[in-house]
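Peer 1: Please find the sequence and the predicted model below.
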Amino acid sequence: MKIIIDCLGGDQGAVAAVEGAIMALRKYGDLEVILVGDEQEIREILKKREQSEERIEILHAPTMVDGNDRPTDAVRLKRDSSMMRSISQLREREDIDAMVSLGATGCLIAAVTVRIGRIEGVRRPAFCPILPNMAGGVVGICDSGANLVVNAEQLQQYAIMGSSYLKTAYKVAEPRVGLLNVGKEEEKGDDLRKETYSLLSKTRGIHFAGNMEAREFLSGEYDLVVCDAFSGNVLCKSVEGTALELLKKIKKDIYSRTRYKFGALFMKKMFQEEKEFMNYQNYGGSVFLGTEKVIVKGHGSADRRAVAVCISQARRMVQGRLCERIAESIRENIDEAE
């Protein structure tokens, strides 16, 4: 299996991407990687970590696409950047199975849409990040950043694609799909949500669990939440931000009184476990569902461990033939509608 990695664009530069790739290579003997970025910098990191270049290919592309670039300009004017070189290689080479990037989301969406293309029948590709739930499992959000304006058919496809992803990559037998809404009752919400509710109730291949209020997102009652990208992004960032701020407050409160400090000594292991549980870096990136090849968008703040998880996500999706499964599920529902 061969995965191409855009090494530039993340907050930590090439270090996190290259070291994450090293971690993945040491874990998976069947893995090969293509590292795209400043060749000299990449080789220096590999040398520092005493990593041989076996199963590694390096493509020199020292220019970076960042958040200040307009998506259209990045696609047209930065063809030699690490992101655009990675996407071009992914499109042109049959031996490359997937791509991981920490670069600017808008630029990645524009480039992938233009250069890679969609699975036949898919209206709009969508991002699907994964977060932990309170039942010990995971829950996905589809969409979280690609399409701000949607219709009922697109939301139906998010449910189909997200369900295929959870079955393939996380072995969830029957993902429970919730529609993000302002109430649980069937008649709640605007015309779009009502139309989508009716459509999801009739969709083959998914387990529709009804409307979901945002406060139930981490409850463990749902495996996948479908929504427009604006709502999904707000939901995802709100949960991540709340978790981080809560951890800060707990730490501040512990140090505020001596007796709390003593109590914390006995609970140190538990606090460490909770910190790991709530750390979004442990759950990889957002998968871009609906494209002809597997693409994982990692957090810009991703460290080497998070990059390694992104690579692992991509590997599982390729192994499970996710793109083919999505194509089959979309085709089945189109045929039934006709």
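Peer 2: All right, it came through fine. Residues are numbered from 1 along each chain as shown.
Peer 1: going forward, measure contacts between C-alpha atoms and count neighbours the same way
Peer 2: OK.
Peer 1: how close does Ala243 get to Pro132?
Peer 2: Distance of Ala243 to Pro132, given as Cα to Cα, to the nearest Å: 11 Å.
Peer 1: quick one, which of the two is more surrounded?
Peer 2: With neighbours defined as other Cα atoms under 10 Å, Ala243 and Pro132 compare such that Pro132 has more, 21 against 16.
Peer 1: Name the nearest residue to the more buried one, ignoring sequence neighbours.
Peer 2: Closest residue to Pro132 apart from its sequence neighbours, by Cα to Cα, 6 or more residues apart in numbering: Val138 at 4.3 Å.
Peer 1: so what's the one you found up against?
Peer 2: Counting by Cα atoms under 8 Å, 6 or more residues apart in numbering, Val138 makes contact with 130-132, 220, 223.
Peer 1: Considering those, which possesses the most neighbours?
Peer 2: Of all these, Asp223 has the most neighbours under the rule other Cα under 10 Å, reaching 28 neighbours.
Peer 1: roughly how far apart are it and Gly121?
Peer 2: Distance from Asp223 to Gly121, by Cα to Cα: 24 Å.
Peer 1: go on, Lys251?
Peer 2: Separation of Lys251 from Gly121 (Cα to Cα) stands at 50 Å.
Peer 1: Also Gly145?
Peer 2: For Gly145, the distance to Gly121 equals 21 Å [Cα to Cα].
Peer 1: Then Glu174?
Peer 2: The value you get for Glu174 to Gly121, if Cα to Cα is used, is 23 Å.
Peer 1: now do Leu8
Peer 2: In terms of Cα to Cα, Leu8 sits 32 Å off from Gly121.
Peer 1: my read: Ile56 touches Arg26, true?
Peer 2: No - the pair Ile56 / Arg26 is not scored as a contact, 11.9 Å apart, by Cα atoms under 8 Å.
Peer 1: For those two, indicate the residue with more neighbours.
Peer 2: Per other Cα under 10 Å, whichever of Ile56 and Arg26 has more neighbours is Ile56, with 18 against 11.
Peer 1: Angles on the backbone of that one, please.
Peer 2: Main-chain torsions, Ile56, degrees, to the nearest 10: phi -130, psi 130.
Peer 1: Just the element for the nearest residue to it once chain neighbours are set aside, please.
Peer 2: Spatial nearest neighbour of Ile56, excluding adjacent residues (Cα to Cα, 6+ apart): Val33 at 5.2 Å. Val33 belongs to strand 32-37 when assigned by DSSP states H and E.
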